[in-house]
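>>> Quick one, structure for this:
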Amino acid sequence: MGKPEVTSPVEKLEERPPLDEEERSEPQQLELQPPAEPEIEVLKPQIQPQPPRQLPKTRSGYLDWVWSLLDSGLSSDDILQLAKSYEFMGYLPAESDEYIHALAVACERARLKGFNKGQMLLSMYKAATISGIEIEAEDVKELVSIVEAKLKTSKIKKRTG
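A predicted model of the protein is given here:
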C-alpha cells in the first residue's frame, strides 16, 4: 500500500485558479432574507354583554327592604352578608350586593341623624327628578302615601299642639 498524499493548505490555495478582474474588484453580495416569521393568530377576547341590572318592581323596593332589616336590628354589615348570600343563591341580581350595602350604610347613618324612611324616599325621588330619570307609577303611589302620612301627622300635631 502506498502512502496517502498529504497537501498543505498553502498548496491548496496555490492550486486554485486566479480570480477574474470583476471578482477582485466587487465583493460578492449575498442576498440575505430575514427568517420567515411564524404566523401568529391574534385572538380577541370575546366579551359577553352583561344583562341589564334588574330593577325591583318599585324603585323604592330596595330601600323598603333595607329599612325593614334595619328596623329589625340588623346592621349594614349584616345586610351585606345577607345580600351576598341571596346573590349567590340567585335571589338577587349579580353584583347587587355592593349597591345594597352602600344603601344600608347610608340608611344606617341617616337613621342616626333622625331621618325616617319617608324622608329617605323623598330624597331618592328628588335625586331621580334632578337626574332626569322618570318616576314610574308605583313610585308615584309611594310618594302619595308619604305625603298622606305627613299630612296626617301634621294635622294631629295641630290638634294636640
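
>>> Let me see the ranges of the helices in the chain.
Taking DSSP state H, the helices of the chain run over residues 9-15, 21-25, 61-71, 76-88, 96-112, 117-131, 137-160.

>>> who wins for proximity to E39 among the ones you listed?
Of all the helices of the chain, helix 21-25 sits nearest to E39, with 40.2 Å by CB to CB. Bear in mind the C-beta positions are built from the backbone N, C-alpha and C, glycine included.

>>> Might you report the residue contacts of I100?
62, 66, 79-80, 83, 92 (CB atoms under 8 Å, 6 or more residues apart in numbering).

>>> switch to 10 Å and redo it
62-63, 65-66, 69, 76, 79-80, 82-84, 86-87, 92 (CB atoms under 10 Å, 6 or more residues apart in numbering).

>>> Output these as TSV; include the columns neighbour count.
Formatted as TSV, the contacts of I100 follow (neighbours: other CB atoms under 10 Å):
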residue	neighbour count
Y62	20
L63	22
W65	17
V66	25
L69	19
S76	19
I79	22
L80	18
L82	20
A83	24
K84	16
Y86	15
E87	17
L92	19
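
>>> one step back: reformat the helices of the chain into a markdown table and put mean pLDDT next to each item.
Formatted as a markdown table, those follow (pLDDT from 0 to 100):
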| stretch | mean pLDDT |
| --- | --- |
| helix 9-15 | 58 |
| helix 21-25 | 56 |
| helix 61-71 | 94 |
| helix 76-88 | 96 |
| helix 96-112 | 96 |
| helix 117-131 | 90 |
| helix 137-160 | 80 |
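
>>> would JSON lines of those helices with distance to E39 be doable?
Shown next, in JSON lines, are the helices of the chain (distance: least, CB to CB, whole Å):
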{"stretch": "helix 9-15", "distance to E39": "46"}
{"stretch": "helix 21-25", "distance to E39": "40"}
{"stretch": "helix 61-71", "distance to E39": "53"}
{"stretch": "helix 76-88", "distance to E39": "44"}
{"stretch": "helix 96-112", "distance to E39": "44"}
{"stretch": "helix 117-131", "distance to E39": "51"}
{"stretch": "helix 137-160", "distance to E39": "58"}
